[in-house]
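Peer 1: for reference, the sequence and a predicted model appear below.
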Amino acid sequence: MSNQSSQAEIVRNSLKRRYRKERRFRLYGILAIFLALGSLFVLFADIINKGHSGFVKTTVSLEINLDSEMMYLDDPTDKDQVSQADFVAPVIASLQEYFPDVESEAEIKQLGRLLGNYAASEIRDLLRDNPDLLDTTQTIDFLAHDRVSTYVKHADNPSYSIKLSEKQQEWVDELVEQGVISTSFNDVLFSRGDSREPANAGILGAIMGSLFTMLVTLVISFPVGIAAAVYLEEFAPQNKFTDFIEVNINNLAAVPSIIFGLLGLAVFINLFGMPRSVPLVGGMVLALMTLPTIIISSRAAIKSVPPSIREAAEGVGASKMQVVMHHVIPLAMPGMLTGSIIGMAQALGETAPLLLIGMVAFIVDVPEGFVDSATVLPVQVYLWASASEQGFVELASAGIMVLLTFMISMNALAIWLRKRLERRW
Amino acid sequence: MSVNETIASEAGRPEETIIPVKDPVDEAADAQSAPVEEGKTVGKPNVEDPKFKLRNVEVYYGEDRAIKDVSLDIGRNQVISFIGPSGCGKSTFLRCLNRMNDSIDICRVKGQLMLDDEDIYASKRDVVELRARVGMVFQKPNPFPKSIYDNVAYGPRIHGLANRKADLDEIVETSLRKAGLWDEAKDRLDAVATGMSGGQQQRLCIARAIAVSPEVILMDEPCSALDPIATAKVEELISEMSESYTIVIVTHSMQQAARVSNRTAYFHLGHLVEVNETNKVFTSPEHELTESYITGRFG
């Protein structure tokens, strides 16, 4: 009896220590989660803080008298004349109306610099498309010069240096007050390709490039990956050779992505003579990179199909092919899709292999097909982040936000698909 | 069938199912070491006009000999049960009958296995055709995660047994009726089969097996995952089906073997020790091992 009670005491005494241990262990877990969430939060906060202004554009809204004499232009459809014409003059004239005391050549030049470099070509394009507008007065929204934009958006932010002269700052303040200079949602970002001028640079080219590249990747890697997984899992004999293939597929998943870029350069471009900088080749390289991920996750999904289902189908006389097609693949589909979409999301964020096949070029035109020169979102972010003008800093962050949005949407799609397919079965 | 009826039918089992009890203590020690002569089966392994004629069957898993020189006839439209301790090879032997062992790479089958005088393991033999004739019900209910209707219709669909929807509907209905599931399932044929109770799932699996009109149904411990009421229903079903099908059932429950089968085969460590009419096996076993097993001294 006394023996028993002493044993109970020993247990009781040890309990305290055990619970202490458990509490400590739980604390570690919570700390780890906080650390992860905290760094994620800091990262997001920093990107949003830097990038949100990238979604805002600064416009200068001016009434322009499209005077034919001032521009030395009678016929806006005549190419020779257009190339000789002075489209800056009406802009200057319009600005001078706000600041009549500006007269010296130097000051006029400074005044003109309030607008982006493309103001003149905007007027030219407008007249070329609508020759009737000659000798009329039109209100035109010009994109402000990068420096003006920085000044308007970040005048109070010490991390930006203001590169406007005092005079220019006064003018800008005046124009802002009069409502001539205003900020609005940056539709340019989503409607144009890259540009040397931050105010004119858009991400649409990169989005389309990514889209075409991902399409190629998907079309190649999804069917090939699933076919390989199904064969290896269901049909392949168990021998040294299939073991060898299996080991190599697992190794491929760990190969640095830039190696795939080298492969693409050597095989697709140099050997097969395919063009550089195009989504077709980029997609093929990324497909090679994504294949191991898809194969491994698909095999895991196939393995997780309970053998009882296979037996059931075989028991009623289904052939191997029917077992696979009617039961194994449908049941494994959610897992295979999840793996594929995660692989695709990885490919979407990949830069290194694309650098080697020339998708890092400065490309202004929005690609319209698989063999147009293009760049992709992460490469565009890289290009902007390494550009010298201040205006590109916020664009790079805005680009990251766009890229993250795409990734989160893809992952959400993966979750949704899995949930939906699982419910069906 | 209601619960009361089940209990009533349990109570009304025939006399022969009562298992003779002997003093278990002194005989238990030497029971497992009792000699088994290879290929020597006591009782009556042969019957007139058998459905299966199995001669000198040996099954190897790699180097392991799981079935050792077994010869046995399985009678037409009879129920035969395989009993024996775990690992004695009865499931392995059962799976030879429709070549379910094929998917195991290291498994080899030797000997002569004839279904209606056709060699099951002949190289020209199409396993799909064989399995359409020899259906199978497994230990764990394994309905497809599809609707009840699709589960039953699957076999007929892949074999092309029904060309029109109406034919298929009819097959599904008659199969479910035979499996005693029609009344419970007719209003929810589109419901997912995995949502049914274990007993219903197992009867659905039986319905699925009989939907392709097999001649033989193999059952691998069909009731081991079921409660007594569901078990009673399945057993009743087996008794009904025995009129039109040849049924081979592996079971761990000697009571079940006694209740449902015409003949009983006792396996021990890969040997077929004894085969006979069920009542003979249970009332007057000829072999010492059989006697020890059925009286519960080991197993």
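Peer 2: Cool, got the structure.

Peer 1: where's the residue positioned nearest the centre of chain B, which helix or strand?
Peer 2: Nearest residue to the geometric centre of chain B (C-alpha atoms, centre = their mean): residue B:249, 1.8 Å. Assigned by DSSP states H and E, residue B:249 belongs to strand B:246-250.

Peer 1: do stretch A:219-236 and chain B meet?
Peer 2: No - in terms of C-beta under 8 Å from any C-beta of the partner chain, no part of stretch A:219-236 sits within range of chain B; the closest distance is 10.2 Å. Placement of C-beta: from N, CA and C, glycine included.

Peer 1: from the chain's centre, how far out does that stretch sit?
Peer 2: 29 Å (C-alpha atoms, centre = their mean, to the nearest Å).

Peer 1: let me see the mean pLDDT of it.
Peer 2: Taken as a whole, stretch A:219-236 carries a mean pLDDT of 93.

Peer 1: got the buried residues for that stretch?
Peer 2: A:220-222, A:224-226, A:228-230, A:232-234 (16 or more other C-beta atoms under 10 Å in any protein chain shown).

Peer 1: for that stretch, which outside residues touch it?
Peer 2: A:242, A:245-246, A:249, A:283-284, A:286-288, A:290-291, A:294-295, A:298-299, A:301-303, A:320, A:324, A:328-329, A:336, A:340, A:343-344 (C-beta atoms under 8 Å, 6 or more residues apart in numbering or on different chains).

Peer 1: what does stretch A:124-143 give?
Peer 2: Residues outside stretch A:124-143 that contact it (C-beta under 8 Å, 6+ apart): A:57-68, A:73, A:75-77, A:82, A:85, A:87, A:91, A:115-116, A:118-119, A:122-123, A:149, A:188, A:199-200.

Peer 1: drop anything exposed from those residues.
Peer 2: In the contacts of stretch A:124-143, burial by neighbour count holds for A:57-60, A:62, A:64-66, A:73, A:76, A:82, A:85, A:87, A:91, A:115-116, A:118-119, A:122-123, A:149, A:188, A:199-200, counting by 16+ other C-beta under 10 Å.

Peer 1: burial count for residue A:319?
Peer 2: Counted with other C-beta atoms under 10 Å in any protein chain shown, residues neighbouring residue A:319 total 15.

Peer 1: not counting sequence-adjacent ones, nearest residue to it?
Peer 2: Ranked by C-beta to C-beta, 6 or more residues apart in numbering or on different chains and with sequence neighbours excluded, the top spatial neighbour of residue A:319 is residue B:128, at 5.2 Å.

Peer 1: for the lengthiest strand in chain A, what is the average pLDDT?
Peer 2: Scanning chain A for the strand with the most residues, using DSSP state E, yields strand A:56-65. Mean pLDDT, computed over strand A:56-65, is 88.

Peer 1: who touches it?
Peer 2: If you take C-beta under 8 Å, 6+ apart as the criterion, strand A:56-65 is touched by A:90-91, A:93-95, A:114-115, A:123, A:137-144, A:148-149, A:152-153, A:175, A:179-189, A:199.

Peer 1: need the next SSE after it, C-terminal direction.
Peer 2: helix A:68-71.

Peer 1: what comes up buried for that next one?
Peer 2: The neighbour-count check on helix A:68-71 (16+ other C-beta under 10 Å) flags A:70-71 as buried.

Peer 1: helix or strand right after that helix?
Peer 2: Per DSSP H and E, the first helix or strand lying C-terminal to helix A:68-71 is helix A:79-84.

Peer 1: and the host helix or strand of residue A:379, what does it pack onto?
Peer 2: According to DSSP H and E, residue A:379 maps onto helix A:377-385. Applying 3 or more C-beta pairs under 8 Å, 6 or more residues apart in numbering or on different chains; DSSP states H and E, we find helix A:377-385 packed against helix A:204-230, helix A:391-424.

Peer 1: excluding covalently adjacent residues, which one is nearest to the residue nearest to the centre of chain B?
Peer 2: residue B:219 is the one closest to residue B:249 (C-beta to C-beta, 6+ apart), at 4.3 Å.

Peer 1: give me the secondary structure label for the residue nearest to residue A:319.
Peer 2: Secondary structure assignment for residue B:128 (DSSP: H, G, I helix; E, B strand; the rest coil): helix.

Peer 1: tell me where the chain has strands.
Peer 2: If you meant another chain, say so; for now it's chain A. A:56-65, A:137-143, A:181-185.

Peer 1: wait, chain B
Peer 2: Using DSSP E, strands in chain B cover B:42-43, B:50-61, B:64-75, B:79-83, B:107-115, B:118-119, B:134-137, B:216-220, B:246-250, B:263-268, B:271-277.

Peer 1: can I get those in JSON lines including mean pLDDT?
Peer 2: Output for those, formatted as JSON lines (pLDDT from 0 to 100):
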{"stretch": "strand B:42-43", "mean pLDDT": "84"}
{"stretch": "strand B:50-61", "mean pLDDT": "91"}
{"stretch": "strand B:64-75", "mean pLDDT": "90"}
{"stretch": "strand B:79-83", "mean pLDDT": "93"}
{"stretch": "strand B:107-115", "mean pLDDT": "91"}
{"stretch": "strand B:118-119", "mean pLDDT": "90"}
{"stretch": "strand B:134-137", "mean pLDDT": "92"}
{"stretch": "strand B:216-220", "mean pLDDT": "93"}
{"stretch": "strand B:246-250", "mean pLDDT": "94"}
{"stretch": "strand B:263-268", "mean pLDDT": "92"}
{"stretch": "strand B:271-277", "mean pLDDT": "91"}
